[in-house]
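# pasted the sequence and its predicted model underneath.
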Amino acid sequence: MKRLTGLALRGLAVALPFALTIYFVYWSISNIEWAMRKALETLDMGGLYLPGMGVVVFVGILLVLGLVARLLVFQSFLALLEQLFEQIPLIKSVYTAIRDFMAFLAGENRASGEVVAIDIAGQRMLGIVSDTEPPRSLGKDADSGDDLVGVFLPMSYQLGGYTIYVPRSRLSAVDMDAESAMRYIMTAGIGRASADSGDPGDRAAP
């Protein structure tokens with residue numbers, strides 16, 4: 001019985017990641033297709049709609065936005081739209097949070113996103129540099145007088161974490177990209193060992 005239970009758990013460990021991934025992709029595509037279909041139905045298309053057309057249109061819109069995003073006229077329009085959003089209290093908080101997070105994922109801010117190890121009471125914690133220019137009101141480190149940087153410390157098995165501000169001298173760079181670090185931390189280090197290709201203490205953060 002114990003052997004059968006072990007085999008069943010091993011099979012579940014193999015099947016579950018694939019099943020959940022496929023379900024998430026299906027759920028995302030279904031919702032995009034449903035939303036775009038509703039939007040396209042408002043247009044007079046003469047009943048011409050093929051399954052999957054919504055997803056194709058959605059991808060096309062993203063590609064077009066990516067192309068025109070560099071145009072000066074479009075950037076000016078976005079700047080005006082941002083100013084409008086930032087004048088509305090609730091919308092400002094939601095918009096800026098989503099904007100900054102997407103910019104972080106897209107790698108637009110190369111200064112942030114660096115994976116580091118921080119020494120806290122003799123223990124090392126993995127984190128991601130999230131703010132290289134914190135508010136001046138935070139001041140400098142009381143002991144060394146060094147400038148502070150923001151480090152996001154994700155929590156394992158949770159969608160949350162802490163942001164702390166420490167002098168850069170207390171950080172050690174880790175040879176790992178942000179995506180691998182997030183996956184490694186979220187699984188409490190249970191992930192594959194190849195996620196960490198270097199020793200957190202091998203080199204100091206620049």
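Yep, it's here. Residues are numbered from 1 along each chain as shown.
# domain parsing for the protein?
Domain assignment for the chain by automatic domain parsing gives 1-40+47-60, 69-108, 115-204.
# dump the ones you listed to JSON lines, plus mean pLDDT and mean neighbour count.
To be clear about C-beta, it is placed using only N, CA and C from the backbone, and glycine gets the same treatment. Below are these laid out as JSON lines (pLDDT from 0 to 100; neighbours: other Cβ atoms under 10 Å):
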{"stretch": "domain 1-40+47-60", "mean pLDDT": "87", "mean neighbour count": "11"}
{"stretch": "domain 69-108", "mean pLDDT": "80", "mean neighbour count": "11"}
{"stretch": "domain 115-204", "mean pLDDT": "74", "mean neighbour count": "15"}
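# if I look at residue 64, how far off is residue 114?
Residue 64 sits 32 Å away from residue 114, going by Cβ to Cβ, to the nearest Å.
# neighbour count winner among the two?
residue 114 (22 against 10; other Cβ atoms under 10 Å).
# and the closest residue in space to the more buried one that isn't next to it in sequence, backbone torsions?
Nearest residue to residue 114 in three dimensions, chain neighbours excluded: residue 129, at 4.3 Å (Cβ to Cβ, 6 or more residues apart in numbering). Backbone torsions of residue 129, given as degrees, to the nearest 10, read phi -60, psi 120.
# so who does residue 129 touch?
111, 112, 113, 114, 115, 116, 149, 150, 151, 152, 171 (Cβ atoms under 8 Å, 6 or more residues apart in numbering).
# partner residues bridging it?
In this entry, residue 129 is beta-bridged to residue 151, by DSSP bridges.
# over to residue 124?
Beta-bridge partners, per DSSP bridges, of residue 124: residue 119.
# is it true that it touches residue 153?
No. Contact criterion Cβ atoms under 8 Å: residue 124 and residue 153 do not qualify, at 11.3 Å.
# what sits in contact with each of the two?
Joint contacts of residue 124 and residue 153 (Cβ under 8 Å, 6+ apart) are residue 118.
# roughly how far out does the strand or helix carrying residue 8 sit from the chain middle?
Assigned by DSSP states H and E, residue 8 falls within helix 2-41. In terms of Cα atoms, centre = their mean, to the nearest Å, the centre of helix 2-41 is found 21 Å from the chain centre.
# tell me the first helix or strand C-terminal of the strand or helix carrying residue 79.
Using DSSP H and E, residue 79 sits within helix 72-85. Downstream of helix 72-85, the first helix or strand assigned by DSSP H and E is helix 89-106.
# with just CA atoms, put that following helix into CSV.
The C-alpha trace of helix 89-106 is given here as CSV (Å, rounded to 0.1, in the frame of the first residue of the first chain):
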residue,chain,number,x,y,z
PRO,A,89,-7.0,59.2,-6.4
LEU,A,90,-8.0,55.6,-6.7
ILE,A,91,-7.2,55.2,-10.4
LYS,A,92,-3.8,56.7,-9.8
SER,A,93,-2.9,54.0,-7.2
VAL,A,94,-4.1,51.2,-9.4
TYR,A,95,-2.6,52.5,-12.7
THR,A,96,0.9,53.4,-11.3
ALA,A,97,1.2,50.0,-9.5
ILE,A,98,0.3,48.1,-12.7
ARG,A,99,2.5,50.3,-14.9
ASP,A,100,5.5,49.9,-12.7
PHE,A,101,5.1,46.2,-12.4
MET,A,102,4.7,45.7,-16.1
ALA,A,103,7.8,47.9,-16.7
PHE,A,104,9.7,45.7,-14.3
LEU,A,105,8.6,42.5,-16.0
ALA,A,106,9.5,44.0,-19.4
